[in-house]
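**Student:** the following block contains a protein sequence and its predicted model.
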Amino acid sequence: MSNAAHELEDALALESASSHGSLAEVAFTAADTFGSMLAAYRRKGKLPSSAPLAKMIRELAQQAKGNGKKRSKKAAKAAVAPAAWTEYEKLAIQNAVARGKSVYHITTAIDPHCAMPIAARQLVLNGLAPSAEVLGARPEAGSPASTQRLELLVASEKSADQLSALCRIPTVISSVVVELVSAAEPKTKAAAVLAPSQNVPAPESGDEPAPAGKPSHPVPAENILRVDAERIDSVLNLVGELIIGKSMLQQAFTEFARHVPKEALRGRFSDAMAFQSRVLSELQHSVMKIRMVPVEQLFRRFPRMVRDVAKQCGKEVGLVMRGQETDLDKGLLDVIAEPMTHLVRNAVSHGIESAEERVRKGKPARGTIHLTSYHHGNQVIVEITDDGAGIDAQKVKAKALEKGLLTPEEADRLGETEILALVFRPGFSTAVEITEISGRGVGLDVVQTVMHRLKGSVEIETRVGQSTTFRLKLPLTLAIIKALLFRVEQRLYAVPLNAVAEIARARESDVHQVQNYEVLQLRDRVLPLVRLGCAPGSGEKAGSGKIFVLVIAMGERKLGMIVDRLEGEEELVIKALDDQMVATDLISGASILGDGRVVLIVNLPAIVDRHSKFRPELGDSTISGILLSHADRKNLREAPVEARS
């Protein structure tokens with residue numbers, strides 16, 4: 001491994017190595033080979049062969065040597081006059097020589113094909129930092145000329161060749177010239193560098209010499225502190241407990257004010273409560289921000305993945321990323337890595353056509369995948385878009401009929417959105433042949449399962465022959481939410497407030513049945529309903545009963561949830577529940593109110609999914625009481641009211 005790494009380093013250090021077209025291929029192959037070697041060493045197994053890598057390195061070195069002579073001639077023609085240094089920099093030269101260091105004048109030319117010429121200056125300075133002191137730099141940072149060349153005055157104990165090797169950065173620096181400046185030879189090199197030639201006064205004995213290597217702009221100290229994620233989670237849990245304590249205190253104060261309405265201390269208590277509430281809110285927001293990280297940490301893995309998968313499929317695919325600075329909860333970022341990987345691989349293997357087919361359709365031979373992230377309200381949206389063939393709803397329907405996922409009657413009733421949602425069924429795949437990438441029985445159901453667990457959703461937007469977009473909608477955080485509380489069958493539940501589009505009042509007589517589904521005429525549209533509790537009995541009294549309908553917005557779809565009574569809004573701290581406590585996916589967590597009551601948080605994506613998959617002919621006449629088992633319903637009907645509460 002050491003030998004292969006040194007060979008690669010020597011090849012990359014050669015001038016114009018960046019001009020070789022397969023430089024990225026060599027670098028990726030080297031990274032994979034080194035990783036395989038380390039893995040084999042840890043397992044005490046047989047080391048993989050490095051012969052393919054050695055062959056690629058030799059080809060890179062030969063190509064670089066052939067281009068080196070041409071580039072050196074161009075660099076000589078593009079040479080410019082040396083920079084004129086200030087009095088401070090001349091004094092720094094004298095001080096460096098007095099300390100026994102050699103002073104060099106380094107001239108570098110920035111590669112015209114460099115993708116980020118602005119960063120070249122910092123890369124060179126970082127490379128020299130461990131071995132040399134920078135006494136001066138020209139041209140000034142930010143000037144137009146700074147993207148073309150860089151001149152440095154450095155003091156070091158290293159040789160000129162060693163400094164030259166440190167400055168040679170492949171694909172960034174095209175040429176390097178290092179000249180020795182000696183204080184004992186003021187009429188030769190020093191005279192050229194110190195132009196216009198002047199006598200540099202020695203510092204007086206009483207004066208403190210200026211520190212050599214001081215940059216023209218002070219570099220701020222690094223202000224980053226690495227903290228283990230578990231410590232942040234612990235602080236967040238404590239903040240959650242404080243919020244519960246605040247709710248308890250608010251409840252006690254409300255009861256105190258009710259019993260003693262004329263107490264003089266009420267005003268002081270109220271002011272103290274308001275101050276505490278404001279400080280706790282700021283503390284909560286600060287801790288939340290600590291957990292937020294840019295999605296760039298996740299996006300950075302996809303350029304290599306797209307390149308490798310495209311190569312396996314024999315396609316030409318590029319990747320465009322936008323919104324990498326969007327912040328997302330660290331816990332969410334780690335969990336969505338697998339779904340996004342699956343979607344990106346699908347976009348390359350299923351979405352993008354071959355180069356020949358794209359040209360035949362009038363498209364560019366090279367396909368493009370866009371990764372985009374942005375904030376939308378209280379959600380983070382992540383989109384994976386390809387300019388490929390799109391998803392044909394008719395083919396999806398035919399495949400679902402072939403696999404027995406639908407009956408012909410059901411298929412006729414489904415719209416395009418419902419048909420596209422079939423791709424999230426377990427085991428569903430439209431792949432014609434099984435390969436390493438697709439057709440392995442691991443479908444998009446993995447994506448939907450993870451999104452439901454995160455209380456998020458996934459949508460598909462497609463145009464046949466043009467593009468497909470998978471849109472992931474995620475909450476900003478999973479720790480603390482604003483929630484709307486309601487009762488169903490004397491039990492207390494909550495839903496995230498940002499998912500409730502509106503609250504409607506209606507009567508049981510306003511609820512109608514269409515094809516065994518309950519619906520409500522809400523203004524100018526028909527709203528499908530889902531009943532969380534038991535349906536009322538027959539009779540005039542049942543038809544005149546008042547109901548509350550929570551209109552839930554999940555993407556472009558809207559669904560009404562029938563509840564018995566509203567309880568108000570609360571700020572809830574989500575507590576996770578394991579499978580032993582709650583055996584249904586319709587409950588996503590629980591919370592504790594200020595008076596000690598436990599409230600269950602409803603998993604809205606699971607309820608919407610249950611409603612969309614419901615088949616009336618296989619079960620009850622309506623999808624009612626989905627939060628209650630049949631045993632629960634029987635017990636609630638037989639138990640007295642006091643026992644129910």
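**Tutor:** Structure received. From a predicted model like this one, the values you see are computed outputs, not experimental measurements.

**Student:** quick one: low-confidence ranges for the stretch 251-400 of the chain?
**Tutor:** Residues of the stretch 251-400 of the chain meeting the criterion pLDDT under 70: 377-378.

**Student:** so which residues of it form strands?
**Tutor:** With DSSP state E, counting those that start in this stretch as the criterion, the stretch 251-400 of the chain has strands at 292-294, 317-322, 327-329, 367-376, 379-386.

**Student:** any idea which of these is most buried?
**Tutor:** Ranked by mean neighbour count under mean count of other CB atoms under 10 Å, the strands of the stretch 251-400 of the chain are led by strand 379-386, which reaches a mean of 22. Every residue, glycine included, has its C-beta placed from N, CA and C.

**Student:** and it, what does it pack against?
**Tutor:** Packing contacts for strand 379-386, counted by 3 or more CB pairs under 8 Å, 6 or more residues apart in numbering; DSSP states H and E, involve helix 337-346, strand 367-376, strand 467-475.

**Student:** and Lys482, bridged to which residues?
**Tutor:** Beta-bridge pairing for Lys482 (DSSP bridges): Glu571.

**Student:** Lys315 and Ile224, how far apart?
**Tutor:** Relative to Ile224, Lys315 is positioned 40 Å away (criterion: CB to CB, to the nearest Å).

**Student:** over to Glu263?
**Tutor:** Distance check for Glu263 against Ile224: by CB to CB, it reads 50 Å.

**Student:** those two - which one has more neighbours?
**Tutor:** Glu263 (12 against 5; other CB atoms under 10 Å).

**Student:** name the SS class of the residue nearest to Leu492 when sequence neighbours are not counted, please.
**Tutor:** Distances taken as CB to CB, 6 or more residues apart in numbering place Val599 nearest to Leu492, at 4.7 Å, with adjacent residues excluded. What DSSP: H, G, I helix; E, B strand; the rest coil gives for Val599 is strand.

**Student:** Val599: how many residues sit nearby?
**Tutor:** For Val599, using other CB under 10 Å, the count is 20.

**Student:** end-to-end on stretch 294-305?
**Tutor:** By CA to CA, to the nearest Å, the extent of stretch 294-305 from end to end equals 20 Å.

**Student:** ok now that stretch, how far from the chain's centre?
**Tutor:** How far stretch 294-305 lies from its chain's middle: 8 Å, per CA atoms, centre = their mean, to the nearest Å.

**Student:** ditto for stretch 104-118
**Tutor:** 32 Å.

**Student:** bridging residues for the residue nearest to Leu492?
**Tutor:** Ser591.

**Student:** wait, it touches Gly589, no?
**Tutor:** No - Val599 is beyond contact range of Gly589, at 9.7 Å (criterion: CB atoms under 8 Å).

**Student:** separation between the closest residue to Gly456 other than its chain neighbours and His376?
**Tutor:** Leaving aside its sequence neighbours, Gly456 sits nearest to Leu474 (CB to CB, 6+ apart; 4.4 Å). Relative to His376, Leu474 is positioned 10 Å away (CB to CB).

**Student:** cool, and Ala120?
**Tutor:** Applying CB to CB to Ala120 and His376 gives a distance of 37 Å.

**Student:** equivalent analysis for Lys315, please.
**Tutor:** 32 Å.

**Student:** ok, Thr107 next?
**Tutor:** Distance of Thr107 to His376, computed by CB to CB: 50 Å.

**Student:** hmm, back to that, can I get the strands of the stretch 251-400 of the chain in CSV with distance to Ser174?
**Tutor:** Formatted as CSV, the strands of the stretch 251-400 of the chain follow (distance: least, CB to CB, whole Å):
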stretch, distance to Ser174
strand 292-294, 32
strand 317-322, 25
strand 327-329, 38
strand 367-376, 30
strand 379-386, 36
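
**Student:** closest to Leu529 out of those?
**Tutor:** Closest of the strands of the stretch 251-400 of the chain to Leu529 is strand 379-386, at 24.7 Å (criterion: CB to CB).

**Student:** just want the angle from that closest one to strand 317-322.
**Tutor:** Angle, strand 379-386 to strand 317-322, by axes from the mean of the first three to the mean of the last three CA atoms, to 10 degrees: 160 degrees.

**Student:** distance between strand 379-386 and the chain's centre?
**Tutor:** 10 Å.

**Student:** stretch 480-492 too?
**Tutor:** On CA atoms, centre = their mean, the centre of stretch 480-492 falls 31 Å from the chain's centre.

**Student:** okay, it in CSV with CA atoms only?
**Tutor:** C-alpha atoms of stretch 480-492 as CSV (Å, rounded to 0.1, in the frame of the first residue of the first chain):
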residue,chain,number,x,y,z
ILE,A,480,-40.7,19.2,20.1
ILE,A,481,-43.8,20.0,18.0
LYS,A,482,-46.8,22.3,18.2
ALA,A,483,-49.8,20.0,18.3
LEU,A,484,-53.6,20.1,18.2
LEU,A,485,-55.3,18.0,20.9
PHE,A,486,-58.6,16.2,20.4
ARG,A,487,-60.6,13.3,21.9
VAL,A,488,-61.9,10.1,20.3
GLU,A,489,-63.9,7.7,22.4
GLN,A,490,-62.8,9.6,25.6
ARG,A,491,-59.2,9.1,24.7
LEU,A,492,-56.7,12.0,24.2
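
**Student:** residues of that stretch that come out buried?
**Tutor:** When burial is assessed from 16 or more other CB atoms under 10 Å, stretch 480-492 yields the following buried residues: Ile480, Ile481, Ala483, Leu484, Leu485, Phe486, Arg487, Val488, Glu489, Arg491, Leu492.

**Student:** per-residue pLDDT of the last one, please?
**Tutor:** For Leu492, the pLDDT comes out at 90.

**Student:** next one: the fourth one
**Tutor:** Leu484 carries a pLDDT value of 90.

**Student:** isn't it right up against Leu572?
**Tutor:** No - the criterion here is CB under 8 Å, and Leu484 misses it with Leu572 at 10.1 Å.

**Student:** where do the contact lists of the two overlap?
**Tutor:** Ala494 (CB atoms under 8 Å, 6 or more residues apart in numbering).

**Student:** which residues of the stretch 501-645 of the chain fall in helices?
**Tutor:** 540-544, 604-613, 630-638, 641-644 (DSSP state H, counting those that start in this stretch).

**Student:** kindly report the same for the stretch 351-500 of the chain.
**Tutor:** Going by DSSP H, counting those that start in this stretch, the stretch 351-500 of the chain shows helices at 355-360, 393-403, 408-413, 416-420, 445-453.
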